[in-house]
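In: No sequence on hand, only this structure:
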């Protein structure tokens with residue numbers, strides 16, 4: 001079994017819902033998942049777009065867990 005490469009740095013990103021961007025931070029970015037930090041975590045939909053300009057990625061995500069400030073997401077594309 002191979003381990004996924006993980007970058008533990010914090011990246012500035014945007015959650016995109018219905019074409020409207022909202023700033024957030026991405027932590028623990030892997031090839032298939034991430035932890036997204038936002039003050040609106042309890043109110044985020046179950047799926048949304050995530051734009052991470054520093055790595056040149058626009059990703060559609062599904063939330064797998066959440067708390068008051070963070071979302072654990074898996075990448076769907």
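Out: Everything's here; your move. Computed from a predicted model, the values in this text were never measured in an experiment.
In: What separation is there between residue 52 and residue 68?
Out: 22 Å (C-beta to C-beta, to the nearest Å). Quick note: C-beta positions are derived from backbone N, CA and C, even for glycine.
In: List the buried residues in the longest strand along the chain.
Out: If you go by DSSP state E, the chain has its longest strand at strand 57-66. For strand 57-66, the neighbour count (16 or more other C-beta atoms under 10 Å) marks 59, 61, 63, 66 as buried.
In: any chance of the residues you listed in TSV, plus pLDDT and distance to residue 16?
Out: Converted to TSV, the buried residues of strand 57-66 look like this (pLDDT from 0 to 100; distance: C-beta to C-beta, whole Å):
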residue	pLDDT	distance to residue 16
59	96	10
61	97	10
63	98	14
66	97	18
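In: Pick out whichever of those sits closest to residue 45.
Out: Closest to residue 45 out of the buried residues of strand 57-66 is residue 63 (7.8 Å), distances taken as C-beta to C-beta.
In: related to what we said a few turns ago, any chance you could list what contacts the longest strand of the chain?
Out: With contacts defined as C-beta atoms under 8 Å, 6 or more residues apart in numbering, strand 57-66 is touched by 16, 33-34, 36, 41-42, 44-52, 71-77.
In: Give me the secondary structure label for residue 42.
Out: Each residue gets one of three states, and residue 42 gets helix by DSSP: H, G, I helix; E, B strand; the rest coil.
In: What separation do you get for it and residue 18?
Out: Residue 42 is 18 Å from residue 18, by C-beta to C-beta.
In: ok, these two, which is more surrounded?
Out: residue 42 (11 against 7; other C-beta atoms under 10 Å).
In: check contacts around that one.
Out: Residue 42 makes contact with 66, 68 under the criterion C-beta under 8 Å, 6+ apart.
In: Over to stretch 27-41 now: how far is its first residue from its last?
Out: Using C-alpha to C-alpha, to the nearest Å, the gap from the first to the last residue of stretch 27-41 comes to 14 Å.
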